[in-house]
Each structure stands twice: as C-alpha cells, then as structure tokens.
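Engineer: Here is my input; please provide its structure:
(2 chains)
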Number of protein chains: 2
Amino acid sequence: MEANILNTTLLLVRDLLQRDDVAGALRIIESLRPPDQADIFEELPPEQQMELIPQLEAEAVASILEELEDEDAAELASGIDASVLAQIVDEMGPDEAADLLGDLDPTLSVATLSQMQEADEVRPLLLHPDQTAGGLMTSEYLAFPQCMRIDKVLPVLREWDPKGGDLFYLYVVDTENRLVGVASLLQIIRAKPDEQLSSIMKRETIKAHVTDDQEAAARLMARYDLTVVPVVDDEEHLVGVITVDDLVEVLEDEATEDIQRYGGTVPLDRAYLDTSVAQAAWKRLGWLLLLFVTGTLTSTVMSMFEAQLTQVIALAMFVPLLIGTGGNAGAQTTATIIRALSVGDIELRDAIRVIWHELRTALILAAMLAAVAFVRAFFWEDSAPLALAVSLSILAIVIWADLVGAVLPLLAVRLRIDPAVVSGPLMSTLVDATGLLIYFSIASLILGL
Amino acid sequence: MEANILNTTLLLVRDLLQRDDVAGALRIIESLRPPDQADIFEELPPEQQMELIPQLEAEAVASILEELEDEDAAELASGIDASVLAQIVDEMGPDEAADLLGDLDPTLSVATLSQMQEADEVRPLLLHPDQTAGGLMTSEYLAFPQCMRIDKVLPVLREWDPKGGDLFYLYVVDTENRLVGVASLLQIIRAKPDEQLSSIMKRETIKAHVTDDQEAAARLMARYDLTVVPVVDDEEHLVGVITVDDLVEVLEDEATEDIQRYGGTVPLDRAYLDTSVAQAAWKRLGWLLLLFVTGTLTSTVMSMFEAQLTQVIALAMFVPLLIGTGGNAGAQTTATIIRALSVGDIELRDAIRVIWHELRTALILAAMLAAVAFVRAFFWEDSAPLALAVSLSILAIVIWADLVGAVLPLLAVRLRIDPAVVSGPLMSTLVDATGLLIYFSIASLILGL
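Structural biologist: Numbering: from 1, shown residues only, chains lettered A, B, ... in the order given. The predicted model follows:
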C-alpha cells in the first residue's frame, strides 16, 4: 500500500476511534492486508490498541502480531490475557508463534501454551536458538513415506490447511523419518494415481541442518534459488522447513546490520523509530568512546613533532586534508571488501588476490591524488619542498589506507570475528594517527627539520 | 557446496583437462548443481571454457550462463556461434534469455533470436528496461479464462514443462486478458473437477506494473511475502510474472550498492574479483578527487586562524581528534538513516521525528564525550581554558555532525537523489571544515586570541 494512502487510512481510523466508532475502525482495519493492518495498528496509542484487540477476530490479531517487529509483538501480547492469547497464537504460523512465545515472559508463555490447541506443533520449535536454522523453521509441512501412492496422497492434500501460507512441496521420508526426496505439487498433479512417491520424487535434495547459523541457511536458499528448504537433525531426520519469506527477512536484517556496523554503531535490532533515544545513544556510545580514546593517539603524534610544527606552521594547514583523504580512501576499500565477504564473493583463501588487487588500485588512485595535491599545495604556500612533502605524503597515506582497509576485514575473518566490525570510523581513526606519522616524517626529511 | 569442496573439485577438473581427459572433466561438471557448475567454469581459462562448451549439453551450458554474472555470461556467449547459441538460449528461462540477449552485440543477438524455437517467448521481454519490473519478469506462466473448469485446467498442467523453474500459481484473466485472480496449485488439487476457476480463485491480487522500478516491485513482494507477483501493463493486461529468486537478487544488489555508495565509491555492478583494477580505480577516483578538493576547505579554515595557531601551537594538537570524532559521530547517524530509508522504516514525512530523535541522541553522546575530552585535554596540556575550549568544541561538533548526518540523507530524498550517495566520506569531509570553524572560534573566544 502506498505510504500516503496508508497515512490517510491511519487518519481515518484514528478519527473514527476518537468518535468512539470502534465498529467503523474495525471494518477499515479488517479490510486491509496484514502488513498494512500492522502498520496502522502500530501507530495507534496503546490504550486504543487494547480497546481494539478484543473486538478483532483472533485471526486478524494473529496476522498483526506476525507482522510487527518481534519486540513490539511481545510488548503487545504481554498485555493480553493468556486464555485469549492462546486462541490468537493458535491462528499464527507455528514458527511465528514460537518466536512470539520465546519473547514473552516465561510464565505467560507457558500459561498460553497450556491453553493452545496447536501446542504440539509449536513446542518443538521453542527448543532451537533464534539465530539458527532450527529457529527459523516451521513445523507446518507434509511428509510421506516413499511407498505412498499418489491416490493416497491427494486426499491428505485436500484436507491440508496451512496457517503459515501456501504449500508448494511435499517431502518424502523413509521408515525412520529420514529425508529421502522432495516432490513439487506440479509433479503430484502430473503423476498417475497408482504411482508411488518414490518414483516421481527428486531424490537428491538440498537441506539445512537444524543447528546451522540462520545466515548460512539463507545463503544456501539464495544460492540454489530454493523457495523452501527442508531442515534435518544429526540423524538426517526431517524436523522442519524454512520458507522463502524467512530467507528474505534474514538477508535484509544481515545487510542492515552490516551497514550499521560499518557506520560504527552496534546494530539496533529493531526499526529506527521503534528505537528509543536512550537505546540509540547506548548502541553508539561504546564505539564513539573507544574511537575517541584511540583518536588521542593523533595528539600524541602531533606533539612528537611540535618542534617542526612551530618552525613551519604551514605544516599544520594540510593535516586535516591529508588524514581526511586517507580516511576516505580506506573507507572505499573497507566497504567494498566487507560486502564482498558477506555475500561470499570473496573468502579468506582469496586474501592474497584481494590485497594484490587493492595494492594496484591504490597505486593508481594515490598517483593521481598526489599529482593534484602537489599543484594544490604549491599554489597554496608557493613552496616546492612543502608541496613535494604534501604530495608524497598523500601518495604514501592513500596506499597505506587502502591496504589497512583491505587487510583489517580479512584479519577479522581470520580471527572469526564479523568483518563488519571493521567500521569506516575504526579504519579512519587508525589511519589518522599512522597517517600523521607518515606525513611528519616525510616533511621533516624533505624540509630538513 | 562448501567452499573447500568447491576448491577440490576445481583442482580435479583442471587436472583432468591438463591431462586432456575432457570426458572425465565433463562427468564431474555435469554431476554438479548449476551454481556450482558456474563457479567451477568461471575459474577455468577461456580456452578451456571454449573447449568444454561444444561437449556440454545445451541445457548444462544454459544453466551455467544463467548463473554467471551478466557481464561474464555475455562475454562467454559472444564467443559462441549463433546457431549453437540459439539451441543453448532455448534451454534458458525466458527472463534469463532476454537478459543475456540484451547484453550481447545486437547482430549476434538478432542472429541468435532468429534461430531460436522459443523466440516468441523471449522477444517481448527484450522491450523492457533492465531496472524495471518488466525487465525482471518472465513470460513463463499459465493464465486461464475465469469460466474454465478444473477438469480442463488439469490436462494443461500435465503438459506444462517450465524451463525457468517450478510452477506454484495459475493466473485467471477475463476475455480481454485482464488479470482478475490467482489460484494456487493446492487450491487446484482441492477443487472439484466441474468447478470453474472463478469460484476457487483469490480475487483481489497484488500486482506490479510493468514500468515499476525493480526495487519497488521487490519491496512489494517482500512486504506481502509473495513467492510470485504478476505484472500488468497500463490496461491491466497480464504480461508476465516476477519470481522470488529475482526478488532476492534485487534486494541483495540493492544492499550491496548501498554499502558501496556509503563507503564513497560508485557501485561496482559486478562481483569483486570480476572487477578489473582499472574499473575499481575508476569507480573510486571521482569521489576521492571531489572529496579531496572539498577537503582543501580545511586548509582554508586553518589558515584563517594561522595567527591563533602560531600563538598557541597546542591548538593544533587536538585538530585531528576533534574532526575525527565529528566524522565518527556523523558516520553512525548517516549509516543508520540511510538504511532505515532504503528498507522503508522511515520516509520523508518522518523527517521532523527523525531529526528530533537524532538531536536528543546527539545531546547525550556529545555531553559524555565532552566530559571525557575535558579530562583528557586538561591532563594533556594542564591548561583549564584550553581543556574547556576542546571540551566545548567536542560538544558542539558532535551535535553538529549528528544533525548533518541525519539531514543530508533526508535532503537527498527530498531532491529525489538516492540517499546512499550521502556517503560516510562525504559527510565527514563536510564536517571536517565546519568542525574546524567551530573549534577555532570557540578556542579564540575562550583563550582570548
């Protein structure tokens, strides 16, 4: 729904609620698609939300809870009585239900679960950590023995009514419930009634392991263009499936975290406007302080060369320009490398190729900037030696910054740290101090200070 | 396939080809899944690639071409004779085929098309720009009139054999081929033979318009958890469908571009190691030079205060630290805002809320840093006035940087520019010069210079 239409709808609903026309507000909300319902609902003040919930059908509340950010959904659900909540959660997809119950206060969560009809579907999903394939998977799938005939499968399909969305594939298991194959609905429609699943299924199937990291599972689906991926345990038993909507969510969140980390802040883990000022400040403070303290190294370097500075105050004029340029060059490299690492374009084994690639790129860029810098500095201070010092410093600093920007993320991978922690700010702070050292050394040498 | 397994396989294939055991190499390659085939193939020297192509089945080459980066696929295809290429492209999904033909030299593209069996499926797709929904869609879908009975639909389904992948939905159109509804295969299986499509289909369907930007179409699919989205023209005629694998690709590319832009480089548009050094340098040079020239503003500001600097050389000591901290604070804000904008967490209408949010966050962070800065500066130079100047400057600069970091991306949106062009480097370069102005003004005032 268009942002502006959404706005108008929101105003309409608010107005109706102001005039206590709850029924009217409900009619509008229930006419919307779940993501739009959630957007509207989010914007309402808590008391109005609580006023609406008892009026809405359990199914509508369920889909709203599915669409809200996890934290917001948990907040909302916490205000609902367990017996009511149980009916609502029964209408959610098992994986969404498990996520919600996992975020609730344990007492409420257990109380709700005990009054749910679908409890058995959800309970096993609660046992897997959020960040794993097990945490993403749903128990809403169909699996049949290999020997099952199509004319026995069809009746089951006719009865099947999934909550979490559409069904595209059937899974085929052996007598031990080990995954042996997969069949698409199109294959089922094509098959003859007396055929067995084993004769139409695709044998060799791609699967995720229940303990896999969720990003690994997502990358697997993306790489092989899978709409659904089956999840197995250590004994190859089929325990669930991950659907493509989860894939999209994981990839999006991963990219968001990368950009936020790269910007030098701890990932927010929730939508921007749902993050309180205190939370936002807290997520940023750590890095800012750390970088500030590291940054004082620059003062140390500057003071080491205080004598030279007093002699040639002009040296100081170029300090911000030089370290700024170093920071920019390094930022370009780091951003490129980090993303290439996280989408799998490059891996640790490519380290040498990458560094060699960056070194040559740096040489080209450094040479060009050095030329420009010489001209600029010469016309500025009208001193060839100073211009030479500035220009050579740019040359050295840009090459140095590019290398640092390439090596740090690779080093992080080597140390099994998320390369995205090598943020632009971290990189440039490190380059600042070292860049000054390079600059003043070169300058002292050339100007004979 | 695991990176290391992929490595071993590559070594095996290379070794076999060295020993001219082409058949052996083929056996290995054809045993792999397309994405893995493509990875191996890419790593082979061109002459070996050309040696393999005639030996591989058209279908295998087709799926390799589908998996390669667009530029690489075009490069490879350009070396293949039109008559052979025609058979290969016939085996590709129509959308992939259209993308490839669009990237080829027109003469080869036309020659190939003229010898293809599936030409009619592909030709209409060639008419839509790459970056639009039309450019993403495939012509491989099934549409039926509303009045069609299920027992007439099933035979068609049994004959249907898509090249581009699985089929999950049927589309329902009126006599004018206008989209009126959608039915999932599960609904088809559930329906009675004598039912008409109109009685089982879901009427109100979400659709993309053929001229929509591809990111808009992708966001639509992501928002409403769609596995396939139908594409219509101005008269609501059904002209194609976009499948979820394209959605994933678009979102991934979008995030990659965001991070690269934010890092201050023009997006590479291809995999890191497929980007030549010259290309990489070229993509970065423009911004580096522009930022360098802008950066010289810092020298201008510094020279404006040359007198004060000569009087109190200690002032210079804190320059890198102050502007560095400003840059870091701004980078955190910009990264957060840019991502929130591109995933749709915030929009232009939220500008005021966002700026107010950032202002309060900035106040907290600035206050804390100012306190630390005072202590640090005091113990450094043992001069309360200087420490006060530094500390107040930090306070002002951090607040200023946070605001700039928040306002610039919003301003870009207002000017209909991609907010991601407001890179970390651009932001910090702007903050550098202004930060110095703030610092020296405050210092001159307090130190009475």
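Engineer: and the closest residue to chain B within the stretch 151-300 of chain A, what does it touch?
Structural biologist: As assessed by CB to the nearest CB, chain B sits closest to residue A:263 within the stretch 151-300 of chain A, at 2.2 Å. Glycine gets a C-beta too; all of them are placed from N, C-alpha and C. By CB atoms under 8 Å, 6 or more residues apart in numbering or on different chains, the residues touching residue A:263 are A:423, A:424, A:425, B:262, B:331, B:332, B:333, B:334, B:335, B:336, B:424.
Engineer: repeat for residue A:362
Structural biologist: Contacts of residue A:362 (CB under 8 Å, 6+ apart): A:329, A:333, A:398, A:399, A:401, A:402, A:403.
Engineer: of all the residues you listed, which comes closest to chain B?
Structural biologist: Among the contacts of residue A:362, residue A:329 lies closest to chain B (CB to the nearest CB), at 6.3 Å.
Engineer: does that closest one count as helix, strand or coil?
Structural biologist: Assigned with DSSP: H, G, I helix; E, B strand; the rest coil, residue A:329 falls in the helix class.
Engineer: Before we move on, what's the pLDDT of it?
Structural biologist: Residue A:329 carries a pLDDT value of 92.
Engineer: Then residue A:2?
Structural biologist: 64.
Engineer: next structured bit after the strand or helix carrying residue A:260?
Structural biologist: Element membership of residue A:260, judged by DSSP states H and E, is helix A:244-262. Following helix A:244-262 in sequence order, the next helix or strand is helix A:277-304 (DSSP H and E).
Engineer: how about that following helix, does it reach chain B?
Structural biologist: Yes: applying CB under 8 Å from any CB of the partner chain, one finds helix A:277-304 in contact with chain B at A:277-278, A:280-281, A:284-285, A:287-289, A:291-293, A:295-296, A:298-299, A:302-303.
Engineer: and which of the contacts of residue A:362 is nearest to residue A:206?
Structural biologist: Of all the contacts of residue A:362, residue A:333 has the smallest distance to residue A:206: 34.4 Å, by CB to CB.
Engineer: Look up how far residue B:331 lies from the residue in the stretch 301-449 of chain A that chain B sits nearest to.
Structural biologist: Nearest to chain B in the stretch 301-449 of chain A, going by CB to the nearest CB, is residue A:335, at a distance of 2.2 Å. As judged by CB to CB, to the nearest Å, residue A:335 and residue B:331 stand 11 Å apart.
Engineer: list the residues that contact both of those two?
Structural biologist: Common neighbours of residue A:335 and residue B:331 (CB under 8 Å, 6+ apart) are residue A:424.
Engineer: mean confidence for the helix holding residue A:260?
Structural biologist: Here the average pLDDT along helix A:244-262 is 88.
Engineer: Tell me the buried residues in it?
Structural biologist: Going by neighbour count (16 or more other CB atoms under 10 Å in any protein chain shown), the buried part of helix A:244-262 is A:244-248, A:250-262.
Engineer: shaky segments in chain A?
Structural biologist: Confidence mapping of chain A against pLDDT under 70 gives the ranges A:1-3.
Engineer: could you pull out the strands for chain A?
Structural biologist: A:143-145, A:169-173, A:179-184, A:208-209, A:228-232, A:238-243 (DSSP state E).
Engineer: Could you identify which of these is most buried?
Structural biologist: For those, the largest average neighbour count (mean count of other CB atoms under 10 Å in any protein chain shown) is found in strand A:238-243, namely a mean of 25.
Engineer: circling back: so the residue of the stretch 301-449 of chain A closest to chain B sits right up against residue B:268, yeah?
Structural biologist: No: checked against CB atoms under 8 Å, the pair residue A:335 and residue B:268 is beyond contact range at 10.5 Å.
Engineer: so what sits against both of the two?
Structural biologist: residue B:260.
Engineer: neighbour count winner among these two?
Structural biologist: More crowded of residue A:335 and residue B:268, by other CB atoms under 10 Å in any protein chain shown: residue A:335, with 30 against 20.
Engineer: Ignoring the adjacent residues along the chain, who's closest to the more buried one?
Structural biologist: Sequence neighbours aside, residue B:263 is the residue nearest to residue A:335 in space, at 2.2 Å (criterion: CB to CB, 6 or more residues apart in numbering or on different chains).
Engineer: Just read off the phi/psi values of that neighbour.
Structural biologist: phi -80, psi 0 (degrees, to the nearest 10).
Engineer: Residue A:105 too?
Structural biologist: Main-chain torsions, residue A:105, degrees, to the nearest 10: phi -60, psi 130.
Engineer: Verify the stated contact: residue A:421 with residue A:412.
Structural biologist: Yes: using CB under 8 Å, residue A:421 is in contact with residue A:412, at 6.2 Å.
Engineer: hang on, isn't residue A:111 packed against residue A:82?
Structural biologist: Yes: under the criterion of CB under 8 Å, residue A:111 makes contact with residue A:82 at 3.9 Å.
Engineer: And the two? Which one has more around it.
Structural biologist: Neighbour totals were compared for residue A:111 and residue A:82, and residue A:82 leads with 19 against 16 (other CB under 10 Å).
Engineer: Can you give me the distance of the more buried one to chain B?
Structural biologist: According to CB to the nearest CB, to the nearest Å, residue A:82 and chain B sit 28 Å apart.
Engineer: got the residue ranges for the helices in the stretch 51-200 of chain A?
Structural biologist: Secondary structure of the stretch 51-200 of chain A by DSSP state H, counting those that start in this stretch: the helices cover A:58-67, A:70-78, A:82-90, A:94-103, A:106-114, A:119-122, A:133-136, A:150-159, A:185-190, A:197-200.
Engineer: relative to helix A:70-78, how tilted is the third one?
Structural biologist: Inter-element angle recorded for helix A:82-90 and helix A:70-78: 140 degrees (by axes from the mean of the first three to the mean of the last three CA atoms, to 10 degrees).
Engineer: Against which helices or strands is helix A:82-90 packed?
Structural biologist: Helices and strands touching helix A:82-90, by 3 or more CB pairs under 8 Å, 6 or more residues apart in numbering or on different chains; DSSP states H and E, are helix A:58-67, helix A:94-103, helix A:106-114.
Engineer: could you redo the last one with a cut-off of 6 Å?
Structural biologist: If you count contacts as 3 or more CB pairs under 6 Å, 6 or more residues apart in numbering or on different chains; DSSP states H and E, helix A:82-90 packs onto helix A:58-67, helix A:106-114.
Engineer: Tell me the buried residues in that helix?
Structural biologist: Judged by neighbour count using 16+ other CB under 10 Å, the buried positions of helix A:82-90 are A:82, A:84, A:85, A:86, A:87, A:88, A:89, A:90.
Engineer: do the second one as well
Structural biologist: For helix A:70-78, the buried set under the neighbour-count rule, 16+ other CB under 10 Å, comprises A:70, A:72, A:73, A:74, A:75, A:76, A:77.
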